[in-house]
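In: heads up, no residue letters with this:
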(Lines give C-alpha, C1' and ligand atoms only; values in the text may rest on other atoms or scores of the structure.)
Protein backbone atom coordinates (compact mmCIF):
# COMPACT_ATOMS: atom_id res chain seq x y z
CA UNK A 1 0.00 0.00 0.00
CA UNK A 2 1.26 3.50 -0.84
CA UNK A 3 1.74 5.71 2.19
CA UNK A 4 -0.18 8.95 1.46
CA UNK A 5 2.18 10.93 3.70
CA UNK A 6 5.15 9.95 1.53
CA UNK A 7 5.55 12.39 -1.37
CA UNK A 8 5.88 11.01 -4.87
CA UNK A 9 9.43 11.06 -6.18
CA UNK A 10 10.53 13.33 -9.00
CA UNK A 11 10.56 11.89 -12.50
CA UNK A 12 13.97 13.61 -12.90
CA UNK A 13 17.00 13.24 -10.65
CA UNK A 14 19.00 16.22 -9.39
CA UNK A 15 21.72 15.34 -11.91
CA UNK A 16 19.20 15.18 -14.77
CA UNK A 17 17.60 18.54 -13.93
CA UNK A 18 21.04 20.13 -13.54
CA UNK A 19 22.14 18.80 -16.96
CA UNK A 20 18.86 19.99 -18.54
CA UNK A 21 19.20 23.52 -17.12
CA UNK A 22 22.84 23.80 -18.19
CA UNK A 23 22.00 22.60 -21.70
CA UNK A 24 18.74 24.48 -22.33
CA UNK A 25 19.14 27.53 -20.06
CA UNK A 26 22.84 28.48 -20.04
CA UNK A 27 21.85 32.10 -19.28
CA UNK A 28 21.21 30.99 -15.67
CA UNK A 29 24.98 30.67 -15.26
CA UNK A 30 26.06 33.99 -16.78
CA UNK A 31 27.31 35.18 -13.35
CA UNK A 32 28.64 31.74 -12.35
CA UNK A 33 27.10 29.05 -10.20
CA UNK A 34 24.32 31.16 -8.70
CA UNK A 35 21.28 28.91 -9.15
CA UNK A 36 21.31 25.43 -7.65
CA UNK A 37 18.54 22.90 -7.15
CA UNK A 38 18.77 21.57 -3.60
CA UNK A 39 15.80 19.17 -3.71
CA UNK A 40 13.33 18.09 -6.34
CA UNK A 41 10.16 16.06 -5.97
CA UNK A 42 7.00 15.38 -7.93
CA UNK A 43 5.75 18.98 -8.25
CA UNK A 44 8.03 20.27 -5.51
CA UNK A 45 11.39 21.95 -5.45
CA UNK A 46 13.80 23.64 -3.10
CA UNK A 47 16.23 25.90 -4.93
CA UNK A 48 18.92 28.37 -3.89
CA UNK A 49 20.09 31.56 -5.53
CA UNK A 50 23.55 32.29 -4.13
CA UNK A 51 24.32 35.88 -3.22
CA UNK A 52 25.90 37.92 -6.01
CA UNK A 53 26.37 41.69 -6.19
CA UNK A 54 24.50 41.77 -9.51
CA UNK A 55 21.29 41.05 -7.55
CA UNK A 56 21.48 44.10 -5.30
CA UNK A 57 19.36 47.20 -5.55
CA UNK A 58 19.90 50.56 -3.86
CA UNK A 59 19.69 50.08 -0.12
CA UNK A 60 21.78 46.91 -0.17
CA UNK A 61 18.94 44.42 -0.53
CA UNK A 62 18.24 41.67 -3.05
CA UNK A 63 16.22 43.16 -5.91
CA UNK A 64 12.68 42.19 -6.81
CA UNK A 65 13.65 41.04 -10.32
CA UNK A 66 16.30 38.71 -8.86
CA UNK A 67 13.75 37.16 -6.48
CA UNK A 68 11.23 36.86 -9.32
CA UNK A 69 13.83 35.04 -11.44
CA UNK A 70 14.52 32.56 -8.65
CA UNK A 71 10.82 31.88 -8.06
CA UNK A 72 10.09 31.42 -11.77
CA UNK A 73 13.00 29.04 -12.35
CA UNK A 74 12.24 27.08 -9.16
CA UNK A 75 8.57 26.68 -10.08
CA UNK A 76 9.59 25.56 -13.56
CA UNK A 77 11.95 22.97 -12.03
CA UNK A 78 9.20 21.75 -9.66
CA UNK A 79 6.87 21.32 -12.64
CA UNK A 80 9.51 19.34 -14.55
CA UNK A 81 9.86 17.13 -11.48
CA UNK A 82 6.28 16.04 -12.17
CA UNK A 83 6.09 16.02 -15.98
CA UNK A 84 9.70 15.42 -17.09
CA UNK A 85 11.74 17.41 -19.59
CA UNK A 86 9.22 19.65 -21.32
CA UNK A 87 11.24 22.69 -22.42
CA UNK A 88 8.24 24.54 -23.84
CA UNK A 89 6.22 24.66 -20.60
CA UNK A 90 5.88 28.43 -20.13
CA UNK A 91 4.77 30.88 -17.49
CA UNK A 92 1.33 32.33 -18.26
CA UNK A 93 0.68 34.15 -14.99
CA UNK A 94 3.00 35.26 -12.20
CA UNK A 95 2.11 37.20 -9.07
CA UNK A 96 4.53 38.11 -6.28
CA UNK A 97 3.98 39.65 -2.87
CA UNK A 98 7.08 41.13 -1.29
CA UNK A 99 6.74 40.53 2.43
CA UNK A 100 10.01 41.66 4.01
CA UNK A 101 13.27 43.28 2.95
CA UNK A 102 15.62 40.36 2.20
CA UNK A 103 19.11 40.32 3.63
CA UNK A 104 22.03 40.65 1.20
CA UNK A 105 22.45 36.87 1.30
CA UNK A 106 21.47 33.75 -0.61
CA UNK A 107 17.74 33.32 -1.18
CA UNK A 108 15.94 29.96 -0.91
CA UNK A 109 12.72 29.15 -2.82
CA UNK A 110 10.42 26.39 -1.58
CA UNK A 111 7.84 25.44 -4.21
CA UNK A 112 4.86 23.17 -4.54
CA UNK A 113 2.15 22.67 -7.11
CA UNK A 114 -1.47 22.95 -6.13
CA UNK A 115 -2.67 21.42 -9.42
CA UNK A 116 -0.98 19.93 -12.44
CA UNK A 117 -3.48 19.39 -15.23
CA UNK A 118 -3.17 18.39 -18.88
CA UNK A 119 -2.65 21.95 -20.12
CA UNK A 120 -2.21 24.18 -17.04
CA UNK A 121 -0.32 23.88 -13.77
CA UNK A 122 -0.75 26.18 -10.75
CA UNK A 123 1.94 26.46 -8.11
CA UNK A 124 3.26 28.58 -5.29
CA UNK A 125 6.70 29.47 -4.00
CA UNK A 126 7.81 30.98 -0.73
CA UNK A 127 11.17 32.75 -0.63
CA UNK A 128 13.44 33.06 2.41
CA UNK A 129 16.78 34.72 3.08
CA UNK A 130 19.26 31.95 3.86
CA UNK A 131 19.28 31.18 7.57
CA UNK A 132 15.88 32.76 8.24
CA UNK A 133 12.46 31.15 8.63
CA UNK A 134 10.59 34.41 7.93
CA UNK A 135 9.38 34.61 4.31
CA UNK A 136 10.58 37.56 2.23
CA UNK A 137 8.19 36.91 -0.69
CA UNK A 138 5.32 34.70 -1.79
CA UNK A 139 4.57 33.81 -5.41
CA UNK A 140 1.68 32.16 -7.21
CA UNK A 141 2.09 31.22 -10.84
CA UNK A 142 0.42 29.35 -13.66
CA UNK A 143 2.30 27.48 -16.38
CA UNK A 144 0.99 26.33 -19.74
CA UNK A 145 1.97 22.74 -20.41
CA UNK A 146 2.19 21.79 -24.11
CA UNK A 147 0.53 18.59 -25.26
CA UNK A 148 2.81 15.65 -24.62
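Out: In hand now; what should we look at? What you are looking at is a predicted structure, and each value in this text was computed from that prediction instead of being measured. Numbers count the residues shown, from 1 in each chain.
In: make it CA atoms for all contacts and neighbour counts henceforth
Out: Will do.
In: what's the top helix by length along the chain packed up against?
Out: Across the chain, the longest stretch assigned as helix under DSSP state H is helix 64-83. On a contact count with 3 or more Cα pairs under 8 Å, 6 or more residues apart in numbering; DSSP states H and E, helix 64-83 meets strand 35-41, strand 44-49, strand 90-98, strand 107-116, strand 120-129.
In: The last one pairs with which strands, parallel or anti?
Out: Just to be clear, that refers to strand 120-129. Using DSSP bridges, strand 120-129 pairs in its sheet with strand 107-116 (antiparallel), strand 135-144 (antiparallel).
In: Residue ranges in the chain under the pLDDT threshold?
Out: Where the chain drops to pLDDT under 70, the residues are 1-6, 148.
In: What sits closest to the residue nearest the centre of it if chain neighbours are left out?
Out: With distances taken as Cα atoms, centre = their mean, residue 74 lies nearest the centre of the chain, 1.0 Å away. Nearest non-adjacent residue to residue 74, counting by Cα to Cα, 6 or more residues apart in numbering: residue 47, 5.9 Å away.
In: From what I see, that neighbour and residue 18 are in contact.
Out: No. At 11.4 Å, residue 47 does not count as touching residue 18 under the criterion of Cα atoms under 8 Å.
In: who touches both of those two?
Out: Common contacts of residue 47 and residue 18, defined by Cα atoms under 8 Å, 6 or more residues apart in numbering, comprise 36, 37.
In: who's more crowded, the two?
Out: Taking neighbours as other Cα atoms under 10 Å, residue 47 and residue 18 compare with residue 47 leading, 25 against 15.
In: now, of the helices and strands packed on helix 64-83, which is deepest in the fold?
Out: Of all the helices and strands packed on helix 64-83, strand 44-49 carries the top mean neighbour count, a mean of 25, counting by mean count of other Cα atoms under 10 Å.
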